[in-house]
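Peer 1: got a predicted structure here, sequence first:
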Amino acid sequence: MYQQFGAREVGDTRTARFRLFIPDNTVDPGQYTAGKSPNITTVHVVGDFQSDLGKTDWAVDPLFEMKKSKFTDPEDGKTKGWLYEIVTGVLPEGFYQYKFQITYTTKPPRLVCDPCTRYGGATDQNSAFVIGGPKMVAVPLAAPKPLEQLILYELMIDDFTATILGNKARLDVVRNKLDYLADLGVTAIQFMPWTQWTGENYDWGYTPQDYFGVAFRYTLNPADETEKLFLLKQVIAECHARGIHVFLDGVFDHVTDTGSENGFGYYWVWENPEDSPYIGNFEQHLFGLDLNYANGCLAQFIFDVCRYWIEDFAIDGIRFDDTLGFYAPEDPEKHGLASLVTSLKSWLEEKGIDNQPSQY
């Protein structure tokens, strides 16, 4: 469900659709038991694309107010909350940055990051989208092997490319070194998080901000700013062409605890962030803001994050980081890790994908 939100080009029309979903337990009680209304009055999208549509960049404008309607999930037919949505006019091909400007019933307006953005912005923790640019369909691995047969190489993209970067995107440098790794006998790469973290500088990525977004630092290509997701899919496809499995380090226990303009969107969208159903102490809590797996909206969100990387990028597995933080052994409802793994296995079986425990 959540993978369809955020900002996307509409087909090849050169228009962008922005979609922000807000769960509501008065519409669907299964969304959350701990949490309250976000008290949103209006939502506008602001960004550096507005001047291309005859307006002022980063200015609140009636033209860019997002329309509110009830959202029904097309997969299960359930109405789950509210959708704020807008489609822009035609834009030139390029890379654009944005945020949501939200007004509330009592508190001052707030700029918030899009929790479902696919791209990390170049500055100020902006969300981003691409119009045009190269595209490709993910290429799955032809013959996956059991985990115990793999020779695993843990790869931190920044460190791996630091001395050989030159004038290329970091992901492109990784792609150019795959023959070297294959010659070493590597048959699987466990990538440390490529998802967006707070700040534009070096980071291992273990305090995430955006789960659907690729870090701008890894996709920056001076030759073509629209290549970003294409570069990641190309790296994965080239790994698969060499029989190399691709695993992503998934940090699903916690998110960054930084401020509203550079933090986790589904915390700061709420007028009172402590009312957000996505955040709340759940099992062992050591870092940042704890994700609350007792609430259905958060469980669905993380499931959809995993599904997105498996389905759209054809990765071969996910390593779950800090599992004690979201494993609830005494929980009779089996919220958290147990429910997530069970749901993923069921979904993979429905898709006809072999989900042996050694692979997923």
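Peer 2: That came through fine. Here the structure is a predicted model, which is why all the values come from computation and not from measurement.
Peer 1: element containing residue 248?
Peer 2: In this structure, residue 248 sits in strand 245-250 according to DSSP states H and E.
Peer 1: residue 256: what's it in contact with?
Peer 2: 197-198, 207-209, 262-264, 288-289 (Cβ atoms under 8 Å, 6 or more residues apart in numbering). Bear in mind the C-beta positions are built from the backbone N, C-alpha and C, glycine included.
Peer 1: ok, and the most crowded of those?
Peer 2: residue 264 (29 neighbours; other Cβ atoms under 10 Å).
Peer 1: just to check, it is in contact with residue 113?
Peer 2: Yes. Look at residue 264 against residue 113 with Cβ atoms under 8 Å: they come within range, at 7.5 Å.
Peer 1: please enumerate the shared neighbours of those two.
Peer 2: 209-210.
Peer 1: show the average pLDDT along stretch 319-333.
Peer 2: Mean pLDDT, stretch 319-333: 92.
Peer 1: hmm, back to that, could the contacts of residue 256 go into TSV alongside pLDDT?
Peer 2: Output for the contacts of residue 256, formatted as TSV (pLDDT from 0 to 100):
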residue	pLDDT
197	94
198	92
207	95
208	96
209	96
262	89
263	94
264	97
288	95
289	97
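Peer 1: show me the strands in the stretch 51-200 of the chain, by range?
Peer 2: Assigned strands in the stretch 51-200 of the chain, in chain order: 67-72, 79-87, 94-104, 110-112, 119-120, 127-131, 152-155, 188-191, 195-197 (criterion: DSSP state E, counting those that start in this stretch).
Peer 1: tell me the confidence at residue 246?
Peer 2: Predicted confidence (pLDDT) for residue 246: 98.
Peer 1: measure it to residue 151 for me?
Peer 2: Distance of residue 246 to residue 151, computed by Cβ to Cβ, to the nearest Å: 14 Å.
Peer 1: the two: who's more crowded?
Peer 2: residue 246 (22 against 12).
Peer 1: wait, isn't the more buried one in contact with residue 191?
Peer 2: Yes. With contact defined as Cβ under 8 Å, residue 246 counts as touching residue 191 (6.9 Å).
Peer 1: for the stretch 151-300 of the chain, what spans make up the helices?
Peer 2: Along the stretch 151-300 of the chain, the stretches classed as helices by DSSP state H, counting those that start in this stretch are 157-161, 170-176, 178-183, 216-219, 228-241, 265-268, 296-313.
Peer 1: re the thing from before, got any residues that touch both of residue 246 and residue 151?
Peer 2: Shared contacts of residue 246 and residue 151 (Cβ under 8 Å, 6+ apart): residue 188.
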